[in-house]
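Q: sharing a sequence plus its predicted fold:
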Amino acid sequence: MRCTIVGAGVSGLSSGIRLLESGHDVQILSDKFSPETVSDVAAAIWYPFLVRPADKADTWGLVTYSVLEELCEESPEAGVKMRDGQEYLRGVVDLPPWKDEIAAFRILEEGEIPDGYVFGWEFRAPVIEMPLYMPWLKARFEEQAGVFKQGFVKNLQDLEGDVIVNCVGLGARELCDDMEIKPARGQVIFIDQDPGIGHFDQQPETLTYTIPRSDVTVLGGTAQVDDWDLEIRDEDNDLILSKVEAIWPELDRSKIVGGAVGLRPSRTEVRLEEENIGGVRVIHNYGHGGAGVTLSWGCADEVVSIAESSNES
């Protein structure tokens, strides 16, 4: 099949690679490419966050976990590393359904839980360093004869190909008239200090994290729905630092080296389905919220499955 993918973020690149591996001709059409995509500024640790439906997200996430774990061993240049992190909660909750499917998981002891929290767990998950990972995805796509084309898409039905894969993220508001999709603004701080492990409060209203990379640690965060501001705000930096210090008291503010803002494409649930638009087969793959990287390979596999099963029928 001839496939045209709209969008060159992590979802578009992953879908393109899987379609190429399945023997299809693929081009990616986008007005922006790495390092200018939303994916490039993702903090990027594997964790299903701000995403539904939960059952499908867990399945897509575990497929992706396996791929990323393998990349850590076989392709270190991709920038994926397995790291331990601790999740803190303000109430006792059910354990995540994926706990037995990942490399390591245990309940925290009372002495390991910061003040203000009552429960938590330690888990091992891939940390994806996007300044390395995005160029690696791009190179892998090109190595398999994938083609990049720059342009702005106004109508999906005007595109060439046997199937169109829509990975435009927030662009779906205009392209698909989908008002369900809204930005969840994420501001982060980069610091030249290693916390040793990741620290996490993943509740949207109190979102806090330290994600250690090989060069810096990413501190966050915010999840401000329907906020389109791409400028770094001092008041958000102050809020992030105060939240992080509560779970990582050793934080040294003098070692801050930068920051960034990105707009997550949040939606009531991921849209991964086929639609016929004016006789054109379109597979939508967008609305991953804060879990675009976490779900990327699982969703890419489903894109291929949908494309090939529909084609056969």
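A: It's in.
Q: tally of neighbours for the closest residue to Gly79 other than its chain neighbours?
A: Spatially, and ignoring its direct neighbours in sequence, Gly79 is nearest to Leu132 (2.8 Å; CB to CB, 6 or more residues apart in numbering). Yep, even glycine has a C-beta here, placed from its N, CA and C like the rest. By other CB atoms under 10 Å, the residues close to Leu132 number 17.
Q: name the element Leu132 belongs to?
A: helix 130-143 (DSSP states H and E).
Q: which elements pack onto that helix?
A: helix 10-21, strand 147-150 (3 or more CB pairs under 8 Å, 6 or more residues apart in numbering; DSSP states H and E).
Q: buried sites along it?
A: Neighbour-count burial for helix 130-143, counted by 16 or more other CB atoms under 10 Å, picks out 130, 132-138, 140-141.
Q: list the contacts for Asn237?
A: By CB atoms under 8 Å, 6 or more residues apart in numbering, the residues touching Asn237 are 187, 189, 259.
Q: is the first one bridged to anything, and to what?
A: Okay, so that is Gln187. Here Gln187 sits in beta bridges with Val261, going by DSSP bridges.
Q: hmm, it is touching Asp236, no?
A: Yes. Contact criterion CB atoms under 8 Å: Gln187 and Asp236 qualify, at 4.6 Å.
Q: which of the two has more neighbours?
A: Relative neighbour count places Gln187 above the other of Gln187 and Asp236, with 26 against 23, counting by other CB under 10 Å.
Q: distance of that one relative to Glu180?
A: Distance from Gln187 to Glu180, counting by CB to CB, to the nearest Å: 23 Å.
Q: do Ala139 as well
A: Going from Ala139 to Glu180 by CB to CB gives 34 Å.
Q: any weak-confidence spans in the stretch 201-313 of the chain?
A: By pLDDT under 70, the low-scoring segments of the stretch 201-313 of the chain are 310-313.
Q: hey, where'd the strands end up in it?
A: Here the stretch 201-313 of the chain has its strands, by DSSP state E, counting those that start in this stretch, at 208-212, 217-220, 224-225, 256-266, 271-277, 280-286.
Q: that's a strand at Val92, yeah?
A: No. Counting by DSSP: H, G, I helix; E, B strand; the rest coil, Val92 is not found in a strand; it is coil.
Q: OK, contacts around it?
A: The contact partners of Val92, by CB under 8 Å, 6+ apart, come to 118-119.
Q: and Ala307, by the same measure?
A: Contacts of Ala307 (CB under 8 Å, 6+ apart): 1, 3, 19, 24, 163, 165, 281, 283.
Q: switch to 10 Å and redo it
A: Contacts for Ala307 (CB atoms under 10 Å, 6 or more residues apart in numbering) come out as 1, 3, 15, 18-19, 22, 24, 162-163, 165, 274, 281, 283.
Q: what segments of the stretch 101-250 of the chain are helices?
A: Counting by DSSP state H, counting those that start in this stretch, residue ranges of the helices within the stretch 101-250 of the chain are 130-143, 172-175, 234-247.
Q: of those, which is nearest Val51?
A: helix 172-175 (15.4 Å; CB to CB).
Q: now that closest one, how far from the chain's geometric center?
A: The chain centre lies 20 Å from the centre of helix 172-175; the measure is CA atoms, centre = their mean, to the nearest Å.
Q: what comes up buried for it?
A: Quick answer for helix 172-175 (16+ other CB under 10 Å): 172-173, 175.
Q: can you check stretch 208-221 too?
A: Buried, per 16+ other CB under 10 Å, within stretch 208-221: 208-213, 216-221.
Q: relative to Ser242, which of those is nearest.
A: Closest to Ser242, out of all of these and judged by CB to CB, is Thr208, at 9.4 Å.
Q: surely the closest one touches Asp201?
A: Yes. Look at Thr208 against Asp201 with CB atoms under 10 Å: they come within range, at 4.1 Å.
Q: need the overlap of contacts for those two.
A: 88, 221, 243-244, 246-247.
Q: closest to Gly289 out of the residues you listed?
A: For the shared contacts of Thr208 and Asp201, the nearest to Gly289 is Gly221 (13.0 Å; CB to CB).
Q: would you agree that closest one is in contact with Val244?
A: Yes. The criterion here is CB under 10 Å, and Gly221 meets it with Val244 at 9.3 Å.
Q: what touches both of these two?
A: Contacts common to Gly221 and Val244, judged by CB under 10 Å, 6+ apart, are 189, 201, 208-209.
Q: reformat the residues you listed as JSON lines; add distance to Phe123.
A: Shown next, in JSON lines, are the shared contacts of Gly221 and Val244 (distance: CB to CB, whole Å):
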{"residue": "Ile189", "distance to Phe123": "23"}
{"residue": "Asp201", "distance to Phe123": "14"}
{"residue": "Thr208", "distance to Phe123": "16"}
{"residue": "Tyr209", "distance to Phe123": "13"}
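Q: brilliant, that's me finished.
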